[in-house]
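A.B. asks: Build the 3D model from these lines:
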Amino acid sequence: MLLSRQGTRHAMVEPEVGMPEDSETAAEPETAAEPEAAWEPEFAAEDETAVEPAPSDDRSARERFRAWRRERPFTGGLLTALGGIEMFFSGQLDIGRIHVQLGIEGLQATIIPILLVLLGILIVAMPAHRIFYGVIALAIAVYSLVGVNLGGFFIGMLLSTVGGVLSVAWMPLGQRGERRLRGRRRRRAALAADDSADDAAEEPA
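C.D. replies: So this is what the prediction gives:
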């Protein structure tokens, strides 16, 4: 009877095959869910960078035009184009029934003014090639004295000539500053040389 009871007891105590014991299930640590606070700031930072507005330009249109004009020989190109326009209209001058035309008539009386206007636009649009376009404008302006009504009665020729000279002589702001610094250094060096020469001359023999 005792054996049977012990056997029954052992049978009751032994766990079934394939089922986990209570002690093992209690000992297993529960994996806690990762907190969301660790990755939330990253998304917040990305959102802040994405929402940042672009820097706005508070300058007025006039100030922006001035800044654009300082970066190129605007005056030279404008005078060159105005000289070409004046030459073109000088060839269309009519006084009553009299058509005033001096010099060679033909296609060049139209081509020369158009070339001067085109060169004036190129001088303003591409300041890097200002010297090349300015020299061509000077040559065409001088030739217009013979080709187009005495150079548009000398007015167009003078405008284009002055515009070409200004275009060739124009320099960017950075080069102007470097040129001024070089001039100051040369003046200081010359003054220092003069002072040293005077000191040497004043020393007794």
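A.B. asks: Can you give me the buried ones in stretch 120-136?
C.D. replies: Gly120, Ile121, Leu122, Ile123, Val124, Pro127, Arg130, Tyr133, Gly134, Ile136 (16 or more other CB atoms under 10 Å). Any C-beta I mention is one placed from the backbone N, CA and C, and that applies to glycine too.
A.B. asks: Can you flag which of the residues you listed belong to helices?
C.D. replies: If you go by DSSP state H, the buried residues of stretch 120-136 have Gly120, Ile121, Leu122, Ile123, Val124, Arg130, Tyr133, Gly134, Ile136 in helices.
A.B. asks: Now for those residues: which two are most distant?
C.D. replies: The span of these, defined through CB to CB, is set by Val124 and Ile136 at 14.7 Å.
A.B. asks: hmm, who's touching stretch 153-162?
C.D. replies: For stretch 153-162, contacts defined as CB atoms under 8 Å, 6 or more residues apart in numbering pick out 76, 79-80, 82-87, 90, 113, 116, 137-138, 140-142, 144-145, 148, 150-151.
A.B. asks: The same query, at a cut-off of 7 Å, please.
C.D. replies: 79-80, 82-84, 86-87, 90, 116, 137-138, 141, 144-145, 151 (CB atoms under 7 Å, 6 or more residues apart in numbering).
A.B. asks: May I ask which of those has the most neighbours?
C.D. replies: Thr80 (36 neighbours; other CB atoms under 10 Å).
A.B. asks: hang on, it packs against Val135?
C.D. replies: No: with contact defined as CB atoms under 7 Å, Thr80 does not reach Val135; the gap is 11.7 Å.
A.B. asks: what about the longest helix that the chain contains, average pLDDT?
C.D. replies: The longest helix of the chain (DSSP H) is helix 173-202. The pLDDT scores in helix 173-202 average 75.
A.B. asks: So which bits of it are buried?
C.D. replies: So for helix 173-202, nothing qualifies as buried (16+ other CB under 10 Å).
A.B. asks: With stretch 63-83 instead?
C.D. replies: Arg72, Pro73, Phe74, Thr75, Gly76, Gly77, Leu78, Leu79, Thr80, Ala81, Leu82, Gly83.
A.B. asks: Would you reformat those residues as TSV and include distance to Gly164, pLDDT and secondary structure?
C.D. replies: Listed next are the buried residues of stretch 63-83 as TSV, based on distance: CB to CB, whole Å; pLDDT from 0 to 100; DSSP: H, G, I helix; E, B strand; the rest coil:
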residue	distance to Gly164	pLDDT	secondary structure
Arg72	15	92	coil
Pro73	10	93	coil
Phe74	14	94	helix
Thr75	12	94	helix
Gly76	7	95	helix
Gly77	10	96	helix
Leu78	12	96	helix
Leu79	8	96	helix
Thr80	6	96	helix
Ala81	11	96	helix
Leu82	12	96	helix
Gly83	9	95	helix
